[in-house]
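# My questions are about this predicted structure, shown below with the sequence.
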Amino acid sequence: MKKKFTLILAILIVILLSACGPAPTPAVSTGDIQSTAIANAWAAVTLTQAAIPTSTFMPTIVPSTAALMPTVMAFPTLAPLQTAIPAGSPTADNCQDVAPTKPKGATVRVKFVNKAGASLDLHFGLKSANALGECGIYYFSLGKFDQPVVVVLSGCYWAYAYINGNIPSNAKNREWLCITDPTLEPDIWIGKETIGFH
């Protein structure tokens, strides 16, 4: 009986001592190592893709032609900008230059109404020079729903707008926009595709 008791006591001591020892180190499987490596590789690919800059819409530059509706290059950001053309120094085709800031010829008022649903850059150019040889292109930046009233040279115009929406687009006039009566203030609406009198 004494031997059984000693044996049971010895087994209990061994069990208690083994329970108090350090925890065994978990073994890492090959599958766990492989999964970690793949996750790290995908994280690196994701960070690399996020660092690549997004593509930006760049309008195409089309050379002007002798067609009825001239094609004009769209500038990405244009504030109401006008540069004076020095008197007595006309260029070969001054209708392709910036319109004069202090014209000597007859002027008219016109109201532009932005109906495109986004901000836009408008190019508004004379078809031909007046009797004083004045001609050129006006540039205006309109915010969403803007309705500015501007003073321009009297004459017939073409119009082209670069619309800065979620999907950039262009609008242009289908007929000449002739503004010659100084007593009137016509409205020119700029839509998503067309520009015209309203």
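Sure, I can see it. Numbers count the residues shown, from 1 in each chain.

# C-alpha only now, for contacts and for neighbours.
Fine.

# Mind pulling up the pLDDT for residue 84?
Here the pLDDT value assigned to residue 84 is 46.

# again with residue 37
Per-residue confidence at residue 37 stands at 70 (pLDDT).

# What distance do you get for it to residue 197?
Using C-alpha to C-alpha, to the nearest Å, residue 37 is found at 65 Å from residue 197.

# likewise residue 150?
For residue 150, the distance to residue 197 - C-alpha to C-alpha - is 15 Å.

# who's more crowded, those two?
Neighbour tally, residue 150 and residue 197, criterion other C-alpha atoms under 10 Å: the higher count belongs to residue 197, 15 against 12.

# Make sure the more buried one is actually in contact with residue 177.
Yes - at 7.4 Å, residue 197 counts as touching residue 177 under the criterion of C-alpha atoms under 8 Å.

# show me where this protein has helices.
Ranges of helices in the chain, per DSSP state H, are 2-20, 30-51.

# Can you give me the buried ones in stretch 156-173?
156-164, 170-173 (16 or more other C-alpha atoms under 10 Å).

# now, among the residues you listed, which is nearest to residue 99?
Closest approach between these and residue 99, by C-alpha to C-alpha: residue 157, at 12.0 Å.

# Now do the contacts for that closest one.
Residues counted as contacts of residue 157 (C-alpha atoms under 8 Å, 6 or more residues apart in numbering) are 124-127, 176-179.

# Grab the nearest non-local neighbour of it.
Leaving aside its chain neighbours, residue 157 sits nearest to residue 126 (4.5 Å; criterion: C-alpha to C-alpha, 6 or more residues apart in numbering).

# thought the one you found was touching residue 134?
No - assessed by C-alpha under 8 Å, residue 126 is found out of contact with residue 134, at 9.3 Å.

# out of these two, which sits in the busier spot?
Under the neighbour definition other C-alpha under 10 Å, residue 126 and residue 134 were set side by side, and residue 126 has more, 26 against 20.

# Could you measure from that one over to residue 35?
68 Å.

# Surely residue 111 is in contact with residue 148?
Yes - in terms of C-alpha under 8 Å, residue 111 counts as a neighbour of residue 148; the distance is 5.7 Å.
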